[in-house]
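Engineer: Take a look and give me a structure for this.
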Amino acid sequence: VQLQACGGGSAQTGQSLRLSCAASGFTLGDYAVGWFRQVPGKEREGVSCVGANDGSTYHAESVRGRFTISRDNAKNTVYLQMNGLKPEDTAVYYCAARRGPNHDFDYWGQGTLVTVSS
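Structural biologist: Predicted coordinates:
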């Protein structure tokens with residue numbers, strides 16, 4: 001049972017990257033999935049989340065209008081499309097899954113580094 005996050009890399013300001021969060025060993029469609037990011041020395045920040053059943057989405061104000069979270073249940077994968085990248089988006093991005101809003105995030109991916117240069 002694991003989540004694997006990938007798709008990070010280097011980009012310049014204004015460019016795009018797409019992160020993927022693939023699940024193995026369980027059905028990701030049964031879980032809400034969140035993307036988080038963390039810069040060394042700072043607290044982890046919630047970026048985006050997609051619901052399990054209704055597919056509702058939430059994006060933090062800092063990324064709203066630029067990032068889009070989506071899921072492909074057939075591929076057991078959740079994506080984070082990041083457009084209009086800014087240097088302040090530089091961080092290690094993690095995906096995590098939980099059964100619902102009253103549950104902890106039980107499964108975490110290993111993190112993927114996104115570096116945005118000006």
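
Engineer: Centroid-nearest residue for this structure?
Structural biologist: The centre of the chain sits closest to Trp35, judged by Cα atoms, centre = their mean, with a distance of 2.8 Å.

Engineer: Would you confirm that it belongs to a helix?
Structural biologist: No: per DSSP: H, G, I helix; E, B strand; the rest coil, Trp35 lies outside any helix segment and is strand.

Engineer: Would you mind confirming that it is in contact with Thr57?
Structural biologist: No: using Cβ atoms under 8 Å, Trp35 makes no contact with Thr57, being 10.8 Å away. C-betas here are computed from N, CA, C, even on glycine.

Engineer: Can I get stretch 61-72 in CSV? Just the C-alpha atoms.
Structural biologist: C-alpha atoms of stretch 61-72 as CSV (Å, rounded to 0.1, in the frame of the first residue of the first chain):
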residue,chain,number,x,y,z
GLU,A,61,-5.6,31.2,-1.9
SER,A,62,-1.9,31.3,-2.8
VAL,A,63,-2.5,28.9,-5.7
ARG,A,64,-6.1,29.5,-6.6
GLY,A,65,-6.5,30.3,-10.3
ARG,A,66,-3.1,28.8,-11.1
PHE,A,67,-3.2,25.2,-9.8
THR,A,68,-5.9,22.6,-10.6
ILE,A,69,-6.3,19.3,-8.8
SER,A,70,-8.0,16.4,-10.6
ARG,A,71,-8.4,12.7,-10.4
ASP,A,72,-8.5,9.8,-12.8
